[in-house]
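No sequence on hand, only this structure:
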């Protein structure tokens, strides 16, 4: 299966799947019924033996717990990464409110993440039907993540916090999709407001060229995300404070019970839907 065939089939799936639309049973409000959460994805590709994967095992990157593609799948040859941009309706709704997440954003965060995994499974189904082996790290039994220090993997990961053994953002960076922003999200050609997914496959796909050399090349450090953050968790000097961010998300969980989210740093900012204009010297 070629890239073009894969991408075309997935675009049809994203536009047609009922899972990409909020059902009446799920809707937090009547005006959320039928909400489309995602537009079709943009794609990144990398080779499984890219030396950058080993760089991710350094403490200043993801950490030594990061598993290489070959550790997930012995026959790994390529890594596929994709970014699903949120629809304009989702983004605009969350840009209006200053502190509270919009109901549309909450759906895109919770039901939307379920759909990201459905897209991963659909890609896996397509490629396996074509004779390839595939692993979805985020859905694999070996996948682990940890938020606060001392929770979950403190012995294995030596007290590391806010990390995992497979980072969608770092993998997307390697696969040519974009660079990090001050808020630690990934700025792609379709901006930052959306979700990432990835697969490791035994088939060979030509890697996407990285149009950047630094991890923050697309971030202008304009400070818009600093001003938008209701948790005061982002600063120009220190970047993102994960504990403050998590504490605020916890409050939204208390309020909405079945949902949680924020996303203010991804909406109503220059990098919401595109790569912001970098000032030249």
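Arrived safely, thanks for sending. Remember, predicted model here, so these are calculated numbers, not experimental data.

Show me where this structure has its helices.
Listed in chain order, the helices of the chain (DSSP state H) span 3-16, 52-55, 69-72, 88-96, 103-129, 168-174, 224-228, 242-256.

contacting residues for residue 236?
Contacts here follow CB atoms under 8 Å, 6 or more residues apart in numbering; on that basis residue 236 touches 182, 221, 223, 226. All C-beta atoms are positioned from the backbone trio N, CA, C, and that covers glycine.

Show me which parts of stretch 193-211 are buried, residue by residue.
Of the residues in stretch 193-211, those scored as buried under the neighbour-count criterion (16 or more other CB atoms under 10 Å) are 193-203, 205, 207-208, 210.

from the helices of the chain, which stretch is densest packed?
The highest mean neighbour count among the helices of the chain belongs to helix 168-174 (a mean of 23), with neighbours defined as mean count of other CB atoms under 10 Å.

Show me what residue 186 is bridged to.
According to DSSP bridges, residue 180 are recorded as the beta-bridge partners of residue 186.

That one: how many residues sit nearby?
Residue crowding around residue 186 was assessed by other CB atoms under 10 Å; the count is 25.

can you pull the contacts of the closest residue to residue 98 other than its chain neighbours?
Nearest-residue entry for residue 98: residue 230, 7.0 Å, with adjacent residues in sequence omitted and distances by CB to CB, 6 or more residues apart in numbering. Taking CB under 8 Å, 6+ apart as the definition of contact, the neighbours of residue 230 are 98, 99, 248, 262, 264.

The third one contacts residue 241, doesn't it?
No - applying CB atoms under 8 Å as the test, residue 248 and residue 241 come out as separate, 10.3 Å apart.

and for those two, which residues touch both?
Residues touching both residue 248 and residue 241 (CB under 8 Å, 6+ apart): residue 233.

From the contacts of residue 236, list just the buried residues.
Restricting those to buried positions leaves 182, 226, with burial counted as 16+ other CB under 10 Å.

which one of the contacts of residue 236 is nearest residue 41?
Looking at the contacts of residue 236 and their distance to residue 41, the nearest is residue 182, at 24.1 Å (CB to CB).

How confident is the prediction for the closest one, by pLDDT?
Here the pLDDT value assigned to residue 182 is 95.

What of residue 280?
In this prediction, residue 280 has a pLDDT value of 47.

what does residue 125 give?
Predicted confidence (pLDDT) at residue 125: the value is 98.

Next, find the distance separating it from residue 187.
30 Å (CB to CB, to the nearest Å).

One more: residue 259?
Using CB to CB, we find residue 259 at a distance of 26 Å from residue 187.

what do you get for residue 62?
Computed as CB to CB, the residue 62 to residue 187 distance reads 19 Å.

With neighbour numbers in mind, choose between those two.
For residue 62 versus residue 187, the count of surrounding residues by other CB under 10 Å is larger for residue 187: 28 against 22.

my guess is that one contacts residue 179, does it?
Yes - when contacts are counted by CB under 8 Å, residue 187 is listed as touching residue 179 (5.9 Å).

Mind listing the shared neighbours of those two?
When contacts are counted by CB under 8 Å, 6+ apart, residue 187 and residue 179 are jointly contacted by 218, 219.

OK, contacts around the closest residue to residue 115 other than its chain neighbours?
In this structure, residue 115 finds its nearest non-sequential neighbour in residue 19, 4.7 Å apart by CB to CB, 6+ apart. Contacts for residue 19 were tallied using CB under 8 Å, 6+ apart; they are 111, 114, 115, 118.

if you set the cut-off to 10 Å instead, what comes out?
By CB atoms under 10 Å, 6 or more residues apart in numbering, the contact list for residue 19 reads 13, 37, 38, 111, 112, 114, 115, 116, 117, 118, 119, 122.

what would these look like in a markdown table with pLDDT and distance to residue 93?
As requested, these are arranged in a markdown table below (pLDDT from 0 to 100; distance: CB to CB, whole Å):
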| residue | pLDDT | distance to residue 93 |
| --- | --- | --- |
| 13 | 98 | 24 |
| 37 | 98 | 11 |
| 38 | 98 | 14 |
| 111 | 97 | 15 |
| 112 | 97 | 13 |
| 114 | 97 | 19 |
| 115 | 98 | 18 |
| 116 | 98 | 19 |
| 117 | 98 | 23 |
| 118 | 98 | 23 |
| 119 | 98 | 22 |
| 122 | 98 | 27 |
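
Closest to residue 255 out of these?
residue 111 (17.5 Å).

before we move on, back to that, from the contacts of residue 230, which would you call buried?
248, 262, 264.
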